[in-house]
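Undergrad: could you look at this predicted model? Sequence included:
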Amino acid sequence: LWNKHKVKKFSTGEEFEEKFISHVEWTLARSLYNCDDLAAYQATSQSVRDNLVIDWNKTQQRQTARGGKRVYYLSLEFLMGRALDNALINMRTDTSTEDVGETDETLTKGNTSREMIKNAMKELGFKLEDILEQEPDAALGNGGLGRLAACFVDSLATGNYPAWGYGLRYQYGIFAQKIINGYQVETPDYWLNFSNPWEIERAEIQVPINFYGYVDRPQGEQSTLAPSDWIGGERVLAMAHDMPIPGFKTSTVNNLRLWNAKPTTEFDFSKFNNGDYKNSVEQQQRAESITAVLYPNDNFEQGKELRLKQQYFWCAASLHDIVRRFKKNKRPWSEFPDAIAIQLNDTHPTMAIVELQRILVDLEKLDWHKAWDIVTKTFAYTNHTVMQEALEKWPVQLLGRLLPRHMEIIYDINWFFLQSVEKRFPHDMDLLSRVSIIEEAAGDRQVRMAFLAIIGSHKVNGVAELHSDLIKSTIFQDFVKIYGANKFTNVTNGITPRRWLKQANPKLAQLISETINDPNDDYLLDMSKLTELSKHAEDESFQKKWNDVKQFNKLRLADLIKRLNGGVDIIDREHIRNTLFDIQVKRIHEYKRQQMNIFGVIHRYLEMKELLEAGSSIEDVAEKYPRKVSIFGGKSAPGYYMAKLIIKLVNSVAEVVNGDTEIQDLLKVFFIPDYNVSKAEIITPASDLSEHISTAGTEASGTSNMKFVMNGGLIIGTVDGANVEITREIGEDNIFLFGNLSENVDELRYNHQFHSSALPESLLKVMDAVENGAFSTENISEFKPLIDSIKHQGDYYLVSDDFESYIATQHLVDQVYHKEKKEWLKKSVLSVANVGFFSSDRCIEEYAETIWNAEPVKPE
Ligand code: 26W
């Protein structure tokens, strides 16, 4: 009977329209007469979701039936952005005849399912572009780490890997950034305001999670290694919400499971007896606070109890879910690591290691050592930062109170680990205290989560070659000595070309598919096909088309900037072809050195003014400082004073420069408020030049550098993170590198501390202007802390050491862009031609082969 009434996917425009209308009428309970763009977005998404759900169900059945190894990606952040356009691009409407009766030939082509829906929407009276704009970003992440997780789930589905993502369903994503009077102001991102058509609530999947309480052991049992009972003191429920993750050109639809905290319905007799009804309701409501809000820090650890609660809540729910699925197959526990690989996205999910050990020992009664063997074979850990202030540490006291049994287990893990170290390196007390999971600092003892993650994993990887080398020679040096170098490996980050090329830059995608004769967009699955473009790099008529696409995208960004600037246009559209768009968008952080960028802008402005004062004509000025728009964007952590000051300085400089009629539009500065994924899709394709200028050795990888290159933008950058491999792939002639190398950073810092070396003239000039209030609005010494950090506090990020080579390289950029346009365009084409390595598909394949040992499960 089930077969007779099989649900059907829509596969024609006609069928889509039918679906759409029924969702308007039934799901939304509206009529076509009062269906606005928002309702149309909802109904379209529901219709598309229906198709995905059919494939999603089949994918899960297939993956279960084939019984291969499953991969679980644990990430506290998934910065997904919008889902609808992505689904339209990835979705197959061309299922086999078995599914839909007849196949519509036209639907198998690259673009057509999106085109088909666009046309159908038009017939229904809607414009697809407007409908797409209705969707709020799913902004459940801070920056690079969260967006990486989002690119990974896309590539995992595209590569047909049986893989799920596990995360938290925050009610508030990363805050929305308002710029008021030049300052960042944070406002809550209540993204679930309208119902979210992309999530499927699994009310049947509820996992009880405990906190606090105490540990109990059978009478007479002294050893913490023995199965123990943890009697929790507070209990909440984790409820699953699933998001379908469609692969590109495959019917594989994977799952992203996000947990939501809910109160239990358990009855608290003590409260009842006290007659304290109101208090017991309040206690219940507290449960929901666990998944209320994403912590808005990037690369800075605060150590708040609620954050640890979030982490354990999520790890415990996910592990419970994974173990439940494993147990259905009744395989022996020893086969757990053959069935399951769990990847830890940074140290945030490290408690999953301890939780699995607890499940195996306390609940499943496995011998401690057998259990530990299973645990270490299951987990692998990715490190994303070497910055000390970002390394997670939890006070023993706090962890022991919140999770008493886990604290015991951590002590035992540490005990066995230190014993093994002692055996191999006898009498080295220094080594033991350096590698101990417990840091014995004066007063408060802390659990070092990165060390626990290393000890509990079989592989540890960094995210770019330089970074992976650095972690081996610095923060994890002792562990290389203990475990050998093979435990440590590199998987260079990547980005999904579906979103970051096809979706963000449809014009470029079209030009590419025409030029390399790939009408079905197969290059999006095999980016090595792009090398074909090299042939055309110097072809003038091709260069013109290439440049036209860039101009189109720059105009699109100019429109966005105008809108964000209250309708006031600051970009001279007539000269847009000869205006260099110089963009730096990423989280605001001292190590990323937005301050150096804005100092460079100030330097340029002062030089222009000086030339004018000395009697130069504006044409002469333009000769040396041709047209440029300097664009910034990014959020600061709410409590990060210096980063917020940098934002204020950028806005103050913008006000002065943009209002100065003497320089006649030769230089403009704009800070894009509320930088997010959907804005990045407009911004990235529009860059001529983007800035990736972190102090060498501080940016683990960077991924926006890859996005800009994939869109034909050139890079000005330091020899840091993935910039190194970008240079290797696209050729050193096609990137503007500058600055000191990471191997010299320690010495330079040392010099700043102990010798007061003279700062470069160019930088002094800039700092003088800032100090003299040239850009101050409120009080003259407003920006003093930014100057002091360089002049008097050791210039930790080495702005003064790199400034001159930065300015010189910017000058070179101007010359090539304005005087050697053909050269510029050639570099741009060659960049795209050789960017293939940075597809997250390559990256996922490396994880699968070298870390997970997992195989794709392809649909028939
Ligand atoms: C606990 C506070 C906290 C929050 C987030 C510490 C650390 C983080 C992240 C690990 C920071 C982060 O996003 N790192 C970035 O990860 C990207 C993806 O690998 C890299 O491209 C960036 O270089 C790195 O800064």
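TA: Everything's here; your move. Numbering: from 1, shown residues only.
Undergrad: against which helices or strands is the longest helix anywhere in the chain packed?
TA: Across the chain, the longest stretch assigned as helix under DSSP state H is helix 37-66. Counting contacts by 3 or more C-beta pairs under 8 Å, 6 or more residues apart in numbering; DSSP states H and E, helix 37-66 is packed against helix 13-22, helix 84-90, helix 112-124, helix 128-133, strand 234-246, strand 253-263. In this view, the C-beta of every residue, glycine as well, is placed from N, C-alpha and C.
Undergrad: and that helix, how far out from the chain middle?
TA: Relative to its chain's centre, helix 37-66 lies at 24 Å (C-alpha atoms, centre = their mean, to the nearest Å).
Undergrad: just to be sure, Leu830 is in a helix?
TA: Yes: membership of Leu830 in a helix is supported by DSSP: H, G, I helix; E, B strand; the rest coil.
Undergrad: tally of neighbours for Val53?
TA: Counted with other C-beta atoms under 10 Å, residues neighbouring Val53 total 16.
Undergrad: just confirm it contacts Pro246, I think it does.
TA: No: between Val53 and Pro246 there is no contact under C-beta atoms under 8 Å: 10.5 Å.
Undergrad: circling back: now do the longest helix of the chain and helix 13-22, the angle between them.
TA: Here helix 37-66 points in a direction 110 degrees away from that of helix 13-22 (axes from the mean of the first three to the mean of the last three C-alpha atoms, to 10 degrees).
Undergrad: got the residues of the chain near the ligand?
TA: 142-145, 148, 297-301, 346, 384-385, 390, 392, 463, 493, 699-703, 721 (C-beta under 6 Å from any ligand atom).
Undergrad: hmm, back to that, mean neighbour count and mean pLDDT for the helices and strands packed on helix 37-66 - can I get that in TSV?
TA: Below are those laid out as TSV (neighbours: other C-beta atoms under 10 Å; pLDDT from 0 to 100):
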stretch	mean neighbour count	mean pLDDT
helix 13-22	19	96
helix 84-90	23	97
helix 112-124	19	93
helix 128-133	16	98
strand 234-246	22	97
strand 253-263	22	98
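Undergrad: got the ones you listed as a markdown table, with distance to Gln311 columns?
TA: Shown next, in a markdown table, are the helices and strands packed on helix 37-66 (distance: least, C-beta to C-beta, whole Å):
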| stretch | distance to Gln311 |
| --- | --- |
| helix 13-22 | 40 |
| helix 84-90 | 28 |
| helix 112-124 | 38 |
| helix 128-133 | 34 |
| strand 234-246 | 13 |
| strand 253-263 | 12 |
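Undergrad: and these: which comes nearest Ala371?
TA: Evaluated over the helices and strands packed on helix 37-66, closeness to Ala371 peaks at strand 234-246, with 23.1 Å, by C-beta to C-beta.
Undergrad: helices or strands next to that closest one in the packing?
TA: Other helices and strands packing on strand 234-246, by 3+ C-beta pairs under 8 Å, 6+ apart, are helix 37-66, helix 84-90, helix 144-158, strand 200-211, strand 253-263, helix 305-328.
Undergrad: list of residues touching the fourth one?
TA: Spelled out, that is strand 200-211. Residues outside strand 200-211 that contact it (C-beta atoms under 8 Å, 6 or more residues apart in numbering): 53, 230, 232-244, 259, 262, 264, 309, 312-313, 316-317, 320-321, 402-403.
Undergrad: tell me the angle that strand makes with helix 305-328.
TA: 110 degrees.
Undergrad: ok, the first one next?
TA: Taking the same axes, to 10 degrees, one finds that helix 37-66 is oriented at 50 degrees with respect to helix 305-328.
Undergrad: next, the buried residues of helix 37-66.
TA: Buried residues in helix 37-66, counted by 16 or more other C-beta atoms under 10 Å: 39-56, 58-59, 62-63.
Undergrad: could you give the angle of that helix to helix 112-124?
TA: 150 degrees.
Undergrad: tell me the mean pLDDT over helix 37-66?
TA: Mean pLDDT, computed over helix 37-66, is 97.
Undergrad: continuing past that helix, what's the next helix or strand?
TA: Using DSSP states H and E, the helix or strand that follows helix 37-66 towards the C-terminus is strand 70-74.
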